[in-house]
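K.L.:
turn this into a model:
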Amino acid sequence: MTGNLQDEIVGLIELFLEGKVQSQNLNQLKMDFNLVVDGNLDSLDLVTLYFDLEDRFGVAIEETDIAESELHRIGNLVDYITSRTPD
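P.N.:
Below you'll find the predicted structure:
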């Protein structure tokens, strides 16, 4: 798992959150940031973000993994994608 890949994933998430999240919340973006609680994203926002990440990084985010892996937290989402990204 490379830092560059993690940075790229977080960067894409940050771009997605711009305009959707209050700026003070965006400035405090950490790996434990909860996209639903802290970011106020709804289910449509999450699905859109997941599709964007799937397209960009060539991974499939399984519906069953979303709840089990707590993919509403940025750190968990980054770990999930990096563990499934083809080399």
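
K.L.:
and stretch 52-63, how far from the chain's centre?
P.N.:
10 Å (C-alpha atoms, centre = their mean, to the nearest Å).

K.L.:
can you give me the end-to-end distance of it?
P.N.:
15 Å (C-alpha to C-alpha, to the nearest Å).

K.L.:
buried sites along it?
P.N.:
By 16 or more other C-beta atoms under 10 Å, the buried positions in stretch 52-63 come out as 53, 57, 59, 61. C-beta: built from backbone N, CA, C; applies to glycine.

K.L.:
those residues in helices, which ones?
P.N.:
Among the buried residues of stretch 52-63, the members found in helices (DSSP state H) are 53, 57.

K.L.:
just give the number of residues close to the residue lying closest to Met31 once chain neighbours are set aside.
P.N.:
Distance criterion C-beta to C-beta, 6 or more residues apart in numbering; nearest residue to Met31, sequence neighbours excluded, is Gly75 at 3.2 Å. Applying other C-beta atoms under 10 Å, we find 14 residues neighbouring Gly75.

K.L.:
which ones are touching Gly75?
P.N.:
Gly75 sits next to 30-33 when contact means C-beta atoms under 8 Å, 6 or more residues apart in numbering.

K.L.:
so how far is Leu44 from it?
P.N.:
According to C-beta to C-beta, to the nearest Å, Gly75 stands 23 Å off from Leu44.

K.L.:
same check, this time on Gly3
P.N.:
Counting by C-beta to C-beta, the gap from Gly3 to Leu44 is 31 Å.
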